[in-house]
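Engineer: Fold the stuff below for me.
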Amino acid sequence: MDSPLSDQSWEDISSEYHAFTQFLKTATDADIDASISFHEAQIEKCEKSEEDHLPISEIVERIRLAERAQDILDDAKGINPDATCPSLELNLMQLSYFMYADKKSLESLIVDNPPILLEYRLRSIEPFLSLILQKSKGPVDFYLPSNMQASESTSLHQPCIKAVDGNRTISRNLLEADKARRRDEKCIATSCPEFQVCHILPFSINNATSKLRNARGIFQRMIIPIVPRKDWLAMLALLVPDSKELGTSDKEWNMLSLNPLAHAIWNKAYFALEWIGVDPDTEPDTESDTDSYVNAKLRWHWLANGIPEALGQTYLSEKGVTKGHSGRAVKLGTDHQVMATAIKQGLNSASKVSTNGVSLCRMSNFRPLMTDDVVRIKVKAEDVEKTKLMIELQWLALRMVAFCAAAEVVDELDSEPRYRLQDLSTWWDPSTFC
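Structural biologist: Modelled structure (predicted):
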């Protein structure tokens, strides 16, 4: 026989019933409709990603790889007697690289490369994060008239190229932005009708010749060791092509629509989107005689921001004057298991419904966006692989940013490597290696 409810339980039930009856007395039809929508909502979920199941043993192996890289660099300090650059001591930004890059690729980076290339690539991580976090000059809030003919829109809204002191810059492609706006029609995450067209990877990566040149060097050093060869070749062709063409990624396949708040916190790595795949249960949606769209599924993920606190002074050096937590050196000569446990606890500290107290809800049912929620987007059938690559690179980069808190000090990050190869302590004659 069930035990009777305690006095406290009856008080709680009575209080809830009183609150409900008061709600019914004052509720409008809109309030009731919203309540019904909330309770009847069927939210599509997807399986947890590999990161959620990342065992401590895997983190231990990655810490050991970072420690091995540090040992190699320490042993090679005396190779270049003319070095002007301080020896590299791995910081939190570089540890984030070891946490999220493909493990086999990391092993190859350490084993198959001379110390100089290992150091130069590790020194390129900070410029890479700076590149990803480059501030936009503002969202694309522009509508082409619905009755405008294609020939008119193409001729009137082509990007404009300007040259100042030999540096060419290109304006935004408003025609491509309008295609994305018409495709999405609302915020992809919240269904909010007030939205902005956002680039998945920043427009400023390749909107000027100087930025394109810098980005190409960073991507070649950063992306090669951490993604499959066919993917990094495709990424280079899309973002920093050999042709040196400007604005190559200012296209519909590199754009999504988000409400202003979602856009702002995406730029701060509060959340990231993980590519799941094209929905096999939906047929291509033909919107015109030429454009065929398919539905793709993304996984919403609120990112942890407590890694620096979890590691603390036990595993990190004192916080410097500049670059905040991200520039703190990592103390690798410690118990790997205990350090991995601290990292795991930091990752597990992420809220399922918010980051830094900021949350978002769906307009259709007022349910909060939660980690593991499915977000559906429309992609041109011919552009699926391009959008997939953009989402995957964003997924890697924003997890690294959140891990090391780089978004908090974006204005202090080096936008390009501070030293030349021959300035590094591990420099040697480049004719001796490929």
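
Engineer: part of a helix, is residue 370?
Structural biologist: No: under DSSP: H, G, I helix; E, B strand; the rest coil, residue 370 falls outside any helix and is assigned coil.

Engineer: so who does it touch?
Structural biologist: 43, 300, 302, 352-353 (CB atoms under 8 Å, 6 or more residues apart in numbering). To be clear about C-beta, it is placed using only N, CA and C from the backbone, and glycine gets the same treatment.

Engineer: among these, who's most crowded?
Structural biologist: residue 302 (25 neighbours; other CB atoms under 10 Å).

Engineer: Hmm, that one is touching residue 351, no?
Structural biologist: Yes: judged on CB atoms under 8 Å, residue 302 makes contact with residue 351 at a distance of 5.9 Å.

Engineer: returning to what we had before: the contacts of residue 370 in strands, which ones?
Structural biologist: Taking DSSP state E, the ones among the contacts of residue 370 that sit in strands are 300, 302.

Engineer: right, and out of the contacts of residue 370, which lies closest to residue 195?
Structural biologist: Proximity of the contacts of residue 370 to residue 195, judged by CB to CB, is greatest for residue 300, which lies at 16.2 Å.

Engineer: now the nearest residue to the closest one once chain neighbours are set aside: how far from residue 120?
Structural biologist: In space, and not counting its chain neighbours, residue 300 is closest to residue 373: 4.5 Å by CB to CB, 6 or more residues apart in numbering. According to CB to CB, to the nearest Å, residue 373 stands 40 Å off from residue 120.

Engineer: for residue 266, same thing?
Structural biologist: 30 Å.

Engineer: and the closest residue to residue 331 other than its chain neighbours, what is it in contact with?
Structural biologist: Leaving aside its sequence neighbours, residue 331 sits nearest to residue 315 (CB to CB, 6+ apart; 5.1 Å). By CB under 8 Å, 6+ apart, the contact list for residue 315 reads 330-331, 334, 339, 342.

Engineer: Out of those, which end up buried?
Structural biologist: 330, 339, 342 (16 or more other CB atoms under 10 Å).

Engineer: After the host helix or strand of the last one, which helix or strand is next?
Structural biologist: Residue 342 belongs to helix 336-348 when elements are defined using DSSP states H and E. Towards the C-terminus, the helix or strand next in line after helix 336-348, according to DSSP H and E, is strand 374-380.

Engineer: how about that following strand as CSV, C-alpha atoms only?
Structural biologist: Extracted in CSV, the C-alpha atoms of strand 374-380 (Å, rounded to 0.1, in the frame of the first residue of the first chain):
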residue,chain,number,x,y,z
VAL,A,374,17.7,19.1,-34.3
VAL,A,375,17.9,22.2,-36.4
ARG,A,376,16.8,21.8,-40.0
ILE,A,377,18.2,23.9,-42.9
LYS,A,378,17.5,24.0,-46.6
VAL,A,379,20.5,23.5,-48.9
LYS,A,380,20.8,23.5,-52.6
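
Engineer: pLDDT below threshold where in the protein?
Structural biologist: 1-25, 27-43, 48-53, 135-158, 163-165, 223-228, 282-290, 321, 428-434 (pLDDT under 70).

Engineer: As a check, name the ranges of all strands in it.
Structural biologist: 161-164, 167-170, 196-199, 255-258, 271-278, 285-286, 292-302, 374-380.

Engineer: dump the residue contacts of the closest residue to residue 390 other than its chain neighbours.
Structural biologist: Distance criterion CB to CB, 6+ apart; nearest residue to residue 390, sequence neighbours excluded, is residue 200 at 4.2 Å. Applying CB under 8 Å, 6+ apart to residue 200 gives the contacts 254-256, 387, 390-391, 394.

Engineer: can you do 7 Å?
Structural biologist: 254-256, 390-391, 394 (CB atoms under 7 Å, 6 or more residues apart in numbering).

Engineer: go on, residue 241?
Structural biologist: So residue 241 contacts residue 248 (CB under 7 Å, 6+ apart).

Engineer: And it, how far from residue 211?
Structural biologist: Relative to residue 211, residue 241 is positioned 14 Å away (CB to CB).

Engineer: give me phi/psi at residue 332?
Structural biologist: Torsion angles at residue 332 (phi, psi; degrees, to the nearest 10) stand at phi -90, psi -20.

Engineer: Report the separation between the residue nearest to it when sequence neighbours are not counted and residue 296.
Structural biologist: Excluding the flanking residues, the one nearest residue 332 by CB to CB, 6+ apart is residue 67, at 4.3 Å. According to CB to CB, residue 67 and residue 296 sit 39 Å apart.

Engineer: Of the contacts of residue 200, which is the nearest to residue 128?
Structural biologist: Closest to residue 128, out of all of these and judged by CB to CB, is residue 394, at 12.6 Å.

Engineer: how much space between that closest one and residue 406?
Structural biologist: Relative to residue 406, and taking CB to CB, residue 394 is found at 14 Å.
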